[in-house]
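Student: sequence unknown, structure follows:
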């Protein structure tokens with residue numbers, strides 16, 4: 001698909017205290033899964049709090065193209081009438097997922113269980129990202145790739161299995177996307193499909209499959225791993241889904257409040273699933289004041305009110321086994337580490353190299369451009385915090401929304417303003433980020 005060459009730059013400057021209440025958008029991971037499982041169910045699924053960012057809207061369009069009825073009924077409220085497991089129709093045009101690896105990879109798993117052929121495509125960033133890790137287990141289940149770009153990349157055409165085969169798949173890495181794609185394909189297979197992961201990745205798919213009526217059992221596997229067994233060919237039933245606020249989106253105002261002196265903000269309904277809150281654990285280890293209250297649960301997902309106050313942070317070592325619970329938050333953690341006193345070592349970040357960009361290199365470049373001493377050793381990121389950030393540099397986003405937001409957060413406490421080369425990509429995951437931050441007192445120009 002064609003890319004626009006127009007850039008939308010923005011500068012972040014040292015701000016006064018950030019204050020006030022705010023609710024960040026609905027969780028992106030839950031939003032994708034609610035649309036896909038709603039489309040694979042029989043009856044109506046009503047979704048409240050859906051993230052209406054470009055990534056999720058592309059998943060909605062794709063489910064519609066595959067035969068489900070998908071309609072927006074109000075602000076962040078959506079209705080899905082599904083076609084049932086294996087009920088997708090063949091789409092007339094390629095399914096365009098824009099920048100979303102999650103939407104694309106999960107939809108591949110869902111399509112793999114229907115006897116149809118579909119072409120998957122996306123923007124330049126998504127076209128550069130590896131798909132073989134998803135395609136390999138799907139091939140074992142009977143799915144075929146009939147056309148693909150070099151290295152199994154997009155655009156590619158997938159022929160779903162007419163008679164899907166249940167498998168036992170040992171995932172080479174802790175990846176919720178691999179696990180979810182296999183489980184979604186396994187819905188159409190007779191018998192039990194099992195995924196074994198070396199470390200526990202986010203379990204939203206398992207929780208939501210149960211919510212829609214599937215039989216799924218999770219047990220421990222080794223020291224940190226899990227074995228997930230799904231009984232195939234259930235009749236999923238439409239359900240009510242309340243989408244909690246996205247902890248990955250909350251990460252940006254949280255870190256901003258911690259590094260801007262005098263700040264005191266409150267975030268409502270933030271998901272506190274322990275497989276997603278590694279950042280909050282790490283920030284507390286660094287001395288952050290993050291208080292939880294008003295705990296509750298919807299759709300099997302816990303959520304809470306968070307109060308965040310400016311704090312003096314100290315460097316820490318982040319263990320590699322924590323990576324699956326905060327893989328999307330290392331960029332903004334690196335910003336917090338730059339404002340901390342002392343060295344922060346983040347270990348085992350190989351997965352950052354295959355995200356929207358090579359996030360490991362991009363994070364280091366963002367910090368170096370703004371006077372922060374940083375080093376990459378293998379898959380470890382080492383940040384030398386000095387309690388402040390000189391700033392004055394240009395952050396190159398590489399079409400990555402999290403780099404853009406991390407750069408803007410960094411500039412809110414820097415000695416000299418920080419410029420981000422393009423903020424348009426932020427809309428993929430956090431529409432309204434800039435005005436929301438301004439409402440708290442952020443100085444963007």
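Tutor: Thanks, I have the structure now. Given the structure is predicted, the values throughout are model-derived calculations rather than measurements.
Student: mean confidence for stretch 142-151?
Tutor: Regarding stretch 142-151, the rounded mean pLDDT is 96.
Student: what residues sit buried inside that stretch?
Tutor: 142, 143, 145, 148 (16 or more other Cβ atoms under 10 Å). From N, CA and C alone the C-beta is placed, and that goes for glycine too.
Student: distance between the ends of it?
Tutor: For stretch 142-151, the first-to-last residue distance is 20 Å (Cα to Cα, to the nearest Å).
Student: swap in stretch 344-351?
Tutor: Across stretch 344-351, the terminal residues are separated by 19 Å (Cα to Cα).
Student: repeat that for stretch 375-389.
Tutor: Stretch 375-389: ends 16 Å apart by Cα to Cα.
Student: repeat that for stretch 311-330.
Tutor: 19 Å.
Student: mind checking how far that stretch is from the chain centre?
Tutor: On the basis of Cα atoms, centre = their mean, to the nearest Å, stretch 311-330 sits 16 Å off its chain's mean C-alpha point.
Student: ok, the spatially closest residue to residue 298 that is not a sequence neighbour - contacts?
Tutor: Distances taken as Cβ to Cβ, 6 or more residues apart in numbering place residue 242 nearest to residue 298, at 3.9 Å, with adjacent residues excluded. The contact partners of residue 242, by Cβ atoms under 8 Å, 6 or more residues apart in numbering, come to 48, 49, 298, 299.
Student: got a list of contacts for stretch 125-133?
Tutor: 97-101, 104-105, 108, 121, 148-149, 151-156, 172-173, 175, 178, 354-357, 398-400.
Student: which PyMOL command selects the buried ones in the residues you listed?
Tutor: Only the buried entries of these go into this PyMOL selection, using 16+ other Cβ under 10 Å:
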select buried, resi 97+98+99+100+101+104+105+108+121+148+153+154+155+156+175+178+354+355+356+357+398+399+400
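Student: which helix or which strand is home to residue 366?
Tutor: helix 359-368 (DSSP states H and E).
Student: just residue 155 next, same as before
Tutor: strand 153-159.
Student: if we can go back for a sec, just checking, which of the buried residues of stretch 142-151 belong to strands?
Tutor: 145, 148 (DSSP state E).
Student: turn the buried residues of stretch 142-151 into CSV, columns for distance to residue 60.
Tutor: Below are those laid out as CSV (distance: Cβ to Cβ, whole Å):
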residue, distance to residue 60
142, 28
143, 23
145, 25
148, 25
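Student: show me the two of the buried residues of stretch 142-151 that sit farthest apart.
Tutor: 142 and 148 (17.2 Å; Cβ to Cβ).
Student: which SS class is residue 337?
Tutor: Using DSSP: H, G, I helix; E, B strand; the rest coil, the structure places residue 337 in helix.
Student: show me where the stretch 51-200 of the chain has its strands.
Tutor: 69-74, 77-81, 95-96, 117-121, 144-149, 153-159, 168-170, 192-197 (DSSP state E, counting those that start in this stretch).
Student: out of these, which comes closest to residue 415?
Tutor: The nearest among those, by Cβ to Cβ, is strand 153-159 at 41.6 Å.
Student: name the residues that touch the strand holding residue 155?
Tutor: 94, 104, 108, 111-112, 116-122, 126-131, 135, 138, 143-149.
Student: please redo it, this time with the cut-off set to 7 Å
Tutor: By Cβ atoms under 7 Å, 6 or more residues apart in numbering, the list of residues contacting strand 153-159 from outside reads 94, 108, 111-112, 117-122, 126-128, 130-131, 143-149.
Student: flag the shaky bits of the chain, pLDDT-wise.
Tutor: 1-5, 356 (pLDDT under 70).
Student: show me where it has its helices.
Tutor: Along the chain, counting by DSSP state H, helices occupy 28-39, 54-65, 101-112, 124-127, 132-140, 176-186, 204-211, 247-259, 278-285, 330-339, 359-368, 401-411, 433-440.
Student: closest to residue 197 out of those?
Tutor: Between the helices of the chain, helix 176-186 lies closest to residue 197; by Cβ to Cβ that is 6.0 Å.
Student: so what touches that closest one?
Tutor: Contacts for helix 176-186 (Cβ under 7 Å, 6+ apart): 36, 101-102, 105-106, 108-110, 112-113, 133-134, 137-138, 141, 164, 166, 169, 171, 193, 195, 197, 201-202, 205, 209, 228, 230, 232.
Student: angle of that helix against strand 192-197?
Tutor: On the basis of axes from the mean of the first three to the mean of the last three Cα atoms, to 10 degrees, helix 176-186 is oriented at 170 degrees to strand 192-197.
Student: picking that back up, relative to the strand holding residue 155, what are the paired strands and their orientations?
Tutor: strand 117-121 (antiparallel), strand 144-149 (antiparallel) (DSSP bridges).
Student: now it, how far from the centre of its chain.
Tutor: 22 Å.
Student: and if you look at stretch 6-24?
Tutor: 21 Å.
Student: could you list the buried residues of that stretch?
Tutor: So stretch 6-24, judged by 16+ other Cβ under 10 Å, has buried residues 10, 12, 13, 14, 15, 17, 18, 22, 24.
Student: make TSV from these and add distance to residue 236 to it.
Tutor: Below are these laid out as TSV (distance: Cβ to Cβ, whole Å):
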residue	distance to residue 236
10	43
12	45
13	50
14	51
15	47
17	48
18	43
22	35
24	29
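Student: next one: the residue nearest to residue 298 from residue 224, what distance?
Tutor: Separation of residue 242 from residue 224 (Cβ to Cβ, to the nearest Å): 30 Å.
Student: and for residue 52?
Tutor: 35 Å.
Student: ok, the two, which is more surrounded?
Tutor: residue 52 (19 against 13; other Cβ atoms under 10 Å).
Student: surely that one touches residue 76?
Tutor: Yes - using Cβ atoms under 7 Å, residue 52 is in contact with residue 76, at 6.1 Å.
Student: okay, now the closest residue to residue 338 other than its chain neighbours: neighbour count?
Tutor: Once flanking residues are discounted, residue 338 sits nearest to residue 372: 4.4 Å by Cβ to Cβ, 6+ apart. Neighbourhood size, residue 372 [other Cβ under 10 Å]: 25.
Student: how about the contacts made by the closest residue to residue 370 other than its chain neighbours?
Tutor: In this structure, residue 370 finds its nearest non-sequential neighbour in residue 393, 4.1 Å apart by Cβ to Cβ, 6+ apart. Contact analysis of residue 393 by Cβ under 7 Å, 6+ apart lists 369, 370, 418.
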